[in-house]
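[1] All I have is the shape, not the residue letters:
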């Protein structure tokens, strides 16, 4: 497909000999998945992390996964009135966002959690990847990291 969103980069189209065929040059160098990791640290209950740059793509990339990894502390105070929202953006476009509450629990100590279905997976060259954390008044997720895999 020539549609970037929701698909994975595999190579470059070299020719279109007919409407139902392409000649594709596989790009094995770009298949290697790289990981960006940002340590959010230990935000106090109710404290937020404003949109923070965590990576700049030097060339076009495809984001393949976004997740959080909890540190050695159990989260506290997260409920339906005091949520913890973790959001990842590439440029101005949302990539992944998850709201933790009473039914969507923050991962246990030393565990991880996928941030869900990705949107806007294509990152242009020089685009900046950012993370935002918004906590309710008593929401205290403890120290955790945001990890984003891309190819």
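    Cool, the structure landed. Remember, predicted model here, so these are calculated numbers, not experimental data.

[2] For this structure, which segments count as strands?
    11-18, 21-26, 34-41, 49-56, 61-70, 84-90, 93-100, 112-114, 122-123, 128-135, 144-150 (DSSP state E).

[3] helices or strands up against the second one?
    Using 3 or more CB pairs under 8 Å, 6 or more residues apart in numbering; DSSP states H and E, the elements in contact with strand 21-26 are strand 11-18. For glycine as for every other residue, the C-beta is placed from the backbone atoms N, C-alpha and C.

[4] can I assume residue 79 is in contact with residue 99?
    No. Applying CB atoms under 8 Å as the test, residue 79 and residue 99 come out as separate, 11.7 Å apart.

[5] so what's in contact with these two at the same time?
    The contact sets of residue 79 and residue 99 do not overlap (CB atoms under 8 Å, 6 or more residues apart in numbering).

[6] Need the residue closest to the centroid of the protein.
    Geometric centre of the chain, nearest residue: residue 66, 3.2 Å, by CA atoms, centre = their mean.

[7] okay, that residue: pLDDT?
    pLDDT recorded at residue 66 is 98.

[8] ok, now the one 5 residues further on?
    The predicted local confidence for residue 71 comes out at a pLDDT of 92.

[9] How about the backbone phi and psi for it?
    phi -80, psi -160 (degrees, to the nearest 10).

[10] and it, how many neighbours does it have?
    By other CB atoms under 10 Å, 17 other residues sit near residue 71.

[11] All further residue positions should be reported with the first residue as 4.
    Done: numbering now begins at 4, and the last item shifts to residue 74.

[12] Please verify my assumption that it contacts residue 114.
    No. Residue 74 lies out of contact with residue 114 (CB under 8 Å); the separation is 10.1 Å.

[13] Residue 138: what's it in contact with?
    46, 48, 49, 50, 51, 85, 86, 87, 88, 144.

[14] do residue 22 as well
    Per CB under 8 Å, 6+ apart, neighbours of residue 22: none.

[15] what about the residue nearest to residue 132 when sequence neighbours are not counted, distance to residue 88?
    Closest residue in space to residue 132, ignoring its immediate chain neighbours: residue 58 at 4.2 Å, by CB to CB, 6 or more residues apart in numbering. From residue 58 over to residue 88 the distance is 20 Å, taken as CB to CB, to the nearest Å.

[16] Kindly provide the distance from the residue nearest to residue 132 to residue 134.
    On the measure of CB to CB, residue 58 and residue 134 end up 10 Å apart.
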